[in-house]
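Novice: One predicted model, sequence on top.
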Amino acid sequence: MTRVCILGSDDVDLRIDLFGYETARRALATYDVESPYENTVAVDTVSLGAAVSLLNDLNWYLVRLADAAFVREPSVSETEWLSRDLAAEVRDGDERANETDARLKVYGVEGGELVEPMYVTRVQGERPEYDLRDVDDTFVVRVTESEFQN
């Protein structure tokens, strides 16, 4: 299963605000919606294409309510996520799945919340440790070159 996770902006309660819109509610109605981290909404989809399509369907709401959207595709990585843009590039064949692991955005996980991301480059197959603060865990997102440079 391909998993989608949407991270809400600081000034919204993503689950409440997103489900406040009838069209978003309908788009998510067929999914088992979870909140694995504070201010997130996550669902499982059948494929990378379905995940990207769902995010495209929700785009109007994501622009207004979300800071980021991620996709975890098991054929790419069991543990690392793809940014929405990178997921679309892999789906469209513009980026090879096995070449997506060089540029990373690593969030700390503290008390169930995604905090303070840092950008790192994988060196010789190793990911540098998250060192912005002490955290319980990390949430690793592979990003496009343009996202990495911003």
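Specialist: Now that the structure is in, tell me what you want to look at. Numbering: from 1, shown residues only.
Novice: how about the residue located most distally from the centre of the chain, phi and psi?
Specialist: Relative to the C-alpha centroid of the chain, counting by Cα atoms, centre = their mean, Gln124 is the outermost residue, at 24.4 Å. The phi/psi pair for Gln124 (degrees, to the nearest 10) reads phi 50, psi 40.
Novice: Kindly confirm my reading that Val109 forms part of a helix.
Specialist: No - with DSSP: H, G, I helix; E, B strand; the rest coil as the criterion, Val109 is strand rather than part of a helix.
Novice: Mind telling me what element Val106 is part of?
Specialist: If you go by DSSP states H and E, Val106 is part of strand 103-110.
Novice: can you give me the offset of that strand from its chain's centre?
Specialist: Offset of strand 103-110 from its chain centre (Cα atoms, centre = their mean, to the nearest Å): 11 Å.
Novice: ok, which stretches of this structure are strands?
Specialist: Shown for the chain, the strands assigned by DSSP state E span residues 2-8, 40-45, 66-72, 81-83, 103-110, 113-121, 137-142.
Novice: okay, these in a markdown table with mean pLDDT, distance to Trp60 and mean neighbour count next?
Specialist: For every residue, glycine as well, the C-beta is placed using N, CA and C. Output for the strands of the chain, formatted as a markdown table (pLDDT from 0 to 100; distance: least, Cβ to Cβ, whole Å; neighbours: other Cβ atoms under 10 Å):
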| stretch | mean pLDDT | distance to Trp60 | mean neighbour count |
| --- | --- | --- | --- |
| strand 2-8 | 98 | 13 | 23 |
| strand 40-45 | 98 | 15 | 20 |
| strand 66-72 | 98 | 11 | 23 |
| strand 81-83 | 98 | 19 | 26 |
| strand 103-110 | 97 | 24 | 20 |
| strand 113-121 | 96 | 23 | 16 |
| strand 137-142 | 98 | 23 | 20 |
